[in-house]
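K.L.:
Provided below are the primary sequence and the corresponding predicted coordinates.
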Amino acid sequence: MFRCPMLSRALCLVLAAAPVARAHGAPVEPAASAVDPVTVRLTLNPTALDMDRLRASRMGYMPAVLKAIDAKPPGVVKEPAYAGKPRYGVIRVGNGPKCDTLVVIDVLESGSRLYVDSNHNGDLSDDGTGEWDLTKEISGANVEFATRSVRASWGTPSEETETGEYRIFIFRRPEATGFSFAKLSGREGKVKLGAGDEREGKEYAIVLAENTNDAVFTVPVKGDLTRRFVELCIDLDGDGTFKGLMSKDGDKEFRSPERFNLADPFEVDGQWYIARPSISGAELTITPTAAPGSDVTSLQKPVEVRPLLDVGTVAPAFTVETPEGKPLSLADFKGKVVILDFWATWCGPCVASMPGLERVYQQVKHQNVEVLSLNVFDDRDTFGEWIAANRGKNYNFTFAFDPASKDSPESVARQKYNVPGLPTLYLIDREGKVAAAFVGASEPRLIEALAKMGVDVEEEKDAE
């Protein structure tokens with residue numbers, strides 16, 4: 001599973017409390033209001049969403065995949081002396097005439113070199129030595145990591161009206177034809193919200209983030225599976241993070257979201273708003289609106305913060321769906337040790353941890369151990385596409401889909417297993433009781449927990 005000294009375990013938390021499940025919700029148009037919209041200018045910060053800030057805000061990252069090819073693209077005028085086989089790709093950041101950045105992966109017998117044409121001159125020999133920033137052994141494979149800057153370009157195909165530095169985090173497993181990458185940049189600013197209008201409201205620090213990793217801040221319409229949601233982060237409690245606004249009611253603790261999917265209205269200090277960014281994110285127009293229906297308000301209500309289920313607790317029963325839409329119950333695994341993996345396709349650490357989960361599965365499956373990888377808070381079509389591309393090819397354990405929204409009483413992750421973030425793993429013993437539970441991808445912790453149950457991963461590895 002995914003572990004890296006560049007990323008603390010907290011980075012692997014993608015708060016389920018944040019309204020990220022509706023990644024493709026239809027943008028809701030504002031109702032008429034007596035208060036005029038306010039437009040704020042936002043500054044592009046290359047490190048607004050860097051690893052330290054993501055960790056502090058308990059945010060995850062949603063990587064894009066670049067599949068490199070053998071054919072050399074137009075625009076390459078000079079290349080370094082490759083030691084292996086070069087594979088080419090293009091990272092597109094923005095919509096302007098200079099939005100494409102050339103990339104080459106020089107694939108060696110062991111590892112690779114990375115060349116990014118950051119200065120956009122077509123010369124891949126003057127952009128560094130090709131060395132990755134870090135190589136870390138993860139699940140028996142040397143995974144490579146780097147942080148690079150690319151040019152963001154906005155405008156028309158023939159005219160650039162805005163530009164800026166867009167910072168990206170890149171990682172590559174040895175079996176990949178290309179690499180995965182996620183943005184570290186975001187738009188920052190301040191805005192007054194609540195209490196009638198912008199003159200009377202409270203000023204909040206905000207960060208605007210797009211999650212497609214292409215620096216295009218267009219809010220996707222319903223059914224658009226080519227784009228991920230655009231997110232507005234508002235520091236409501238002034239603590240410098242977006243991990244949630246905490247409150248108490250008696251002995252119960254609640255968290256209200258500080259991150260909002262702009263496909264829906266959001267509420268601050270009793271007032272609801274619609275926000276729409278320009279394509280570059282440099283301008284954000286915020287319009288007061290009437291309160292929306294319960295399908296939206298329920299996403300933003302305070303959520304009780306509950307601990308993971310205690311060891312020895314009977315694992316709550318549930319029925320979900322196979323990728324083919326057939327019912328699948330926890331009871332179907334009666335008498336077996338079950339590794340219950342809660343994940344989502346949009347959760348970068350979840351997907352990055354799967355090779356390690358497959359490795360463990362292959363070493364323990366003959367000891368009456370099953371992996372049930374339960375997709376939650378996700379889009380069914382996106383889940384289906386992911387399954388078609390990966391099941392039986394990269395991963396051989398059992399997959400399932402939870403059709404219930406995270407606020408539904410039927411939600412397996414939120415309502416039954418108190419999942420606070422993704423990925424979360426539960427280990428269920430042969431008697432159907434919780435044997436271990438932890439948030440974040442941690443293969444050593446999983447192996448240790450299995451060993452306590454008499455399942456020896458290393459013994460299976462040696463037996464092979």
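P.N.:
Sure, I can see it.

K.L.:
going forward, measure contacts and count neighbours with C-alpha atoms only.
P.N.:
OK.

K.L.:
could you chop the chain up by domain?
P.N.:
Split into domains by automatic domain parsing, the chain comes to 12-44+186-304, 68-177, 319-463.

K.L.:
chain center to the shortest one: distance?
P.N.:
Mean-position distance between domain 68-177 and its chain equals 21 Å (C-alpha atoms, centre = their mean, to the nearest Å).

K.L.:
would you map the strands across the stretch 51-200 of the chain?
P.N.:
64-66, 85-92, 100-107, 112-116, 134-138, 141-155, 160-172, 179-183, 186-193 (DSSP state E, counting those that start in this stretch).

K.L.:
comparing these by mean pLDDT, which bottoms out?
P.N.:
The stretch with the lowest mean pLDDT among the strands of the stretch 51-200 of the chain is strand 134-138, at a mean of 87.

K.L.:
neighbouring strands of it in the sheet, and parallel or not?
P.N.:
strand 141-155 (antiparallel) (DSSP bridges).

K.L.:
quick one: the strand it pairs with to strand 179-183, angle?
P.N.:
50 degrees (axes from the mean of the first three to the mean of the last three C-alpha atoms, to 10 degrees).

K.L.:
could you check the angle strand 160-172 makes with strand 141-155?
P.N.:
Going by the same axes, to 10 degrees, strand 141-155 makes 170 degrees with strand 160-172.

K.L.:
mind listing what's buried in strand 141-155?
P.N.:
142-155 (16 or more other C-alpha atoms under 10 Å).

K.L.:
neighbouring contacts of that strand?
P.N.:
Outside strand 141-155, the residues that touch it by C-alpha atoms under 8 Å, 6 or more residues apart in numbering are 93-101, 111, 116-120, 132-137, 160-174, 215, 279-280.

K.L.:
among those, which ones are buried?
P.N.:
93-101, 111, 116-118, 120, 132, 135, 163-174, 215, 279-280.

K.L.:
quick one on the thing from earlier: which among the domains of the chain is found nearest to residue 55?
P.N.:
For the domains of the chain, the distance to residue 55 is smallest for domain 12-44+186-304, at 8.2 Å, taking C-alpha to C-alpha.

K.L.:
so how far is that closest one off the chain centroid?
P.N.:
17 Å.

K.L.:
could you list the low-confidence segments of this structure?
P.N.:
Within the chain, the segments meeting pLDDT under 70 span 1-35, 139-140, 195-200, 458-464.

K.L.:
the closest residue to residue 84 other than its chain neighbours: neighbouring residues, count only.
P.N.:
In this structure, residue 84 finds its nearest non-sequential neighbour in residue 108, 4.6 Å apart by C-alpha to C-alpha, 6 or more residues apart in numbering. Residues near residue 108, counting by other C-alpha atoms under 10 Å, number 14.

K.L.:
surely residue 108 touches residue 82?
P.N.:
No: the pair residue 108 / residue 82 is not scored as a contact, 9.1 Å apart, by C-alpha atoms under 8 Å.

K.L.:
which of the strands of the stretch 51-200 of the chain sits closest to residue 128?
P.N.:
For the strands of the stretch 51-200 of the chain, proximity to residue 128 was assessed by C-alpha to C-alpha; strand 112-116 is nearest, at 7.3 Å.

K.L.:
which elements pack onto that closest one?
P.N.:
strand 100-107 (3 or more C-alpha pairs under 8 Å, 6 or more residues apart in numbering; DSSP states H and E).

K.L.:
the strand it packs on vs strand 112-116, what angle?
P.N.:
170 degrees.

K.L.:
using PDB, list the CA coordinates for stretch 378-385.
P.N.:
Below are the C-alpha coordinates for stretch 378-385, written out as PDB (Å, rounded to 0.1, in the frame of the first residue of the first chain):
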ATOM      1  CA  ASP A 378     -18.600   7.700  -5.900                       C
ATOM      2  CA  ASP A 379     -20.200   7.800  -9.300                       C
ATOM      3  CA  ARG A 380     -21.500   4.400 -10.600                       C
ATOM      4  CA  ASP A 381     -20.400   5.100 -14.200                       C
ATOM      5  CA  THR A 382     -16.900   6.100 -13.100                       C
ATOM      6  CA  PHE A 383     -16.700   3.000 -10.900                       C
ATOM      7  CA  GLY A 384     -17.700   0.900 -13.900                       C
ATOM      8  CA  GLU A 385     -15.100   2.400 -16.100                       C
END
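
K.L.:
and the helix or strand where residue 253 lies, what's buried?
P.N.:
Assigned by DSSP states H and E, residue 253 belongs to strand 252-256. For strand 252-256, a neighbour-count test (16+ other C-alpha under 10 Å) marks 254-256 as buried.

K.L.:
check stretch 411-425 too.
P.N.:
Of the residues in stretch 411-425, those buried (16+ other C-alpha under 10 Å) are 411-414, 416-425.

K.L.:
quick one, which of the domains of the chain is nearest to residue 311?
P.N.:
domain 319-463 (5.0 Å).

K.L.:
before we move on, the earlier item: got any residues that touch both of residue 108 and residue 82?
P.N.:
With C-alpha under 8 Å, 6+ apart, residue 108 and residue 82 have no common neighbours.

K.L.:
for the nearest residue to residue 70 once chain neighbours are set aside, grab the count of nearby residues.
P.N.:
Computed as C-alpha to C-alpha, 6+ apart, the closest residue to residue 70 that is not its neighbour in sequence is residue 87, at 4.9 Å. With neighbours defined by other C-alpha under 10 Å, the count for residue 87 comes to 18.

K.L.:
beta-bridge partners for residue 87, please?
P.N.:
Here residue 87 sits in beta bridges with residue 105, as judged by DSSP bridges.

K.L.:
so how far is residue 251 from it?
P.N.:
Distance from residue 87 to residue 251, counting by C-alpha to C-alpha, to the nearest Å: 58 Å.

K.L.:
just residue 278 next, same as before
P.N.:
Distance from residue 278 to residue 251, by C-alpha to C-alpha: 44 Å.

K.L.:
and these two? which has more neighbours close in?
P.N.:
residue 278 (13 against 5).

K.L.:
now do the contacts for that one.
P.N.:
217-218, 284.

K.L.:
let's see it at 10 Å
P.N.:
216-219, 284-285 (C-alpha atoms under 10 Å, 6 or more residues apart in numbering).

K.L.:
picking that back up, make TSV from the domains of the chain and add distance to residue 55 to it.
P.N.:
Shown next, in TSV, are the domains of the chain (distance: least, C-alpha to C-alpha, whole Å):
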stretch	distance to residue 55
domain 12-44+186-304	8
domain 68-177	14
domain 319-463	12
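
K.L.:
quick one: which of the ones you listed is nearest residue 59?
P.N.:
Closest approach to residue 59 among these (C-alpha to C-alpha): domain 12-44+186-304, 5.0 Å.

K.L.:
please report how far the residue nearest to residue 84 lies from residue 175.
P.N.:
12 Å.

K.L.:
mind listing what's buried in stretch 180-194?
P.N.:
So, applying 16+ other C-alpha under 10 Å, buried residues of stretch 180-194: 180-189, 191-194.
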